[in-house]
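[1] Test case, fold it:
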Amino acid sequence: MNFSKSDGHSSPCVKVGFLTVRFNYLCKKTLGKYPKVYRRPKKKILTSEFFSRSISDKLCSLSPTFQTTPSITIKKEGYLKIKQPTLKFIKNESLEFKWLALLTYFDFDGSISPSVRLKHKRELKKSKLYEYYQVQLEFEIRIAETNPQLNKELIDICSELGLKANKTTDKRNWSGIGGIRVIDIGSVRKFIERDTITEVKISGKSYRFEGLTKSSIMKSIKRIIKEVPLSKSFKTKKEAERYQKYLNSKLLTPYYKSPVV
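    Numbers count the residues shown, from 1 in each chain. Alright, predicted model coming up:
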């Protein structure tokens, strides 16, 4: 039996992807030897493969399969009829263990997106129309899991940990599922208190945070929501834009002072 981990990286000739290094370390630490690593230069991908008959029974006792999506040989209809991968093997584990499982999921397939939105508001009070500009902090935690069974079980784990999570949709994916999402501010606060397991960096899919670690963004969010209100109103658009720009800049810096507006 073999299992593998592929990791995209920016420099196939020099640097080894962080996730590949971590995967190799875990194989050595838990299984006693390093996996085989080979490169796909044209795709800038490193793939690690570990072959072992001795651990196959243990792995198969945890889940009937580790195939999470259909393949060339098994189409969607046929795939959904066979036994599905599961997270039930951690059902009776401690909450701390479940946190570790969720955070590991987040490190490999998760994202956290802070945003500072500017909204033009109108309110009618005592027959008088008031206009103002509101700057609002919003946060979104996502984990990409398109398998229906795993998606549901992941949401159940979040619920056990006191996190309000919901399923997202994405018609581009084979199952129509995008993953899970956490936007409730209480749940976001609880999640970022935990930090990440590794120092994994944000990929090029994020034009704002590419190259920064997920941990650093979580720490910035943690600091900001303790120091500034989640929303603030201004009489003029210019004032609101100034404050919005300020908060956006602070998401990218480790320290900041209270703004004067």
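[2] Could you say which helix or strand holds the closest residue to residue 231 other than its chain neighbours?
    Once flanking residues are discounted, residue 231 sits nearest to residue 136: 4.3 Å by C-beta to C-beta, 6 or more residues apart in numbering. Quick note: C-beta positions are derived from backbone N, CA and C, even for glycine. Element membership of residue 136, judged by DSSP states H and E, is strand 128-143.
[3] wait, doesn't the residue nearest to residue 231 sit right on residue 228?
    No. Residue 136 is beyond contact range of residue 228, at 11.2 Å (criterion: C-beta atoms under 8 Å).
[4] partners of the residue nearest the centre of the chain in the sheet?
    With distances taken as C-alpha atoms, centre = their mean, residue 110 lies nearest the centre of the chain, 1.6 Å away. Beta bridges link residue 110 to residue 143, judged by DSSP bridges.
[5] How about the contacts made by the residue nearest to residue 231?
    116, 117, 118, 119, 230, 231 (C-beta atoms under 8 Å, 6 or more residues apart in numbering).
[6] the helices in this structure, which residues?
    Using DSSP state H, the helices of the chain run over 18-31, 56-62, 76-81, 95-109, 148-160, 185-192, 214-227, 237-250.
[7] Residue 176 is nearest to which of the ones you listed?
    Smallest distance to residue 176 across the helices of the chain (C-beta to C-beta): 9.1 Å, for helix 148-160.
[8] Buried residues, the closest one. List them.
    By neighbour count with 16 or more other C-beta atoms under 10 Å, helix 148-160 contains the buried residues 149, 150, 151, 153, 154, 155, 157, 158.
[9] Any chance of a markdown table for those residues, columns pLDDT?
    Supplementary listing: those in a markdown table, determined by pLDDT from 0 to 100:
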| residue | pLDDT |
| --- | --- |
| 149 | 98 |
| 150 | 98 |
| 151 | 98 |
| 153 | 98 |
| 154 | 98 |
| 155 | 98 |
| 157 | 98 |
| 158 | 98 |
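[10] Domains in this structure, by residue range?
    Domains of the chain are assigned by automatic domain parsing as 1-62, 70-250.
[11] per-stretch mean pLDDT over those, give me the minimum one.
    Of all the domains of the chain, domain 1-62 carries the lowest average pLDDT, namely a mean of 70.
[12] From residue 34, how far out is residue 138?
    From residue 138 across to residue 34, the span is 43 Å (C-beta to C-beta, to the nearest Å).
[13] Please apply the same query to residue 117.
    Taken as C-beta to C-beta, the span from residue 117 to residue 34 is 47 Å.
[14] Likewise for residue 216?
    Residue 216 is 29 Å from residue 34, by C-beta to C-beta.
[15] Tell me which of those two has more neighbours.
    Neighbours were counted for residue 216 and for residue 34 using other C-beta atoms under 10 Å; residue 216 has more, 18 against 13.
[16] dump the residue contacts of residue 234.
    Contacts of residue 234 by C-beta under 8 Å, 6+ apart are 132, 133, 134, 135, 240, 243, 261.
[17] Just the buried residues of those residues.
    Counted by 16+ other C-beta under 10 Å, the contacts of residue 234 give 133, 135, 240, 243 as buried.
[18] Output these as CSV; include the columns distance to residue 79.
    Below are these laid out as CSV (distance: C-beta to C-beta, whole Å):
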residue, distance to residue 79
133, 50
135, 46
240, 50
243, 50
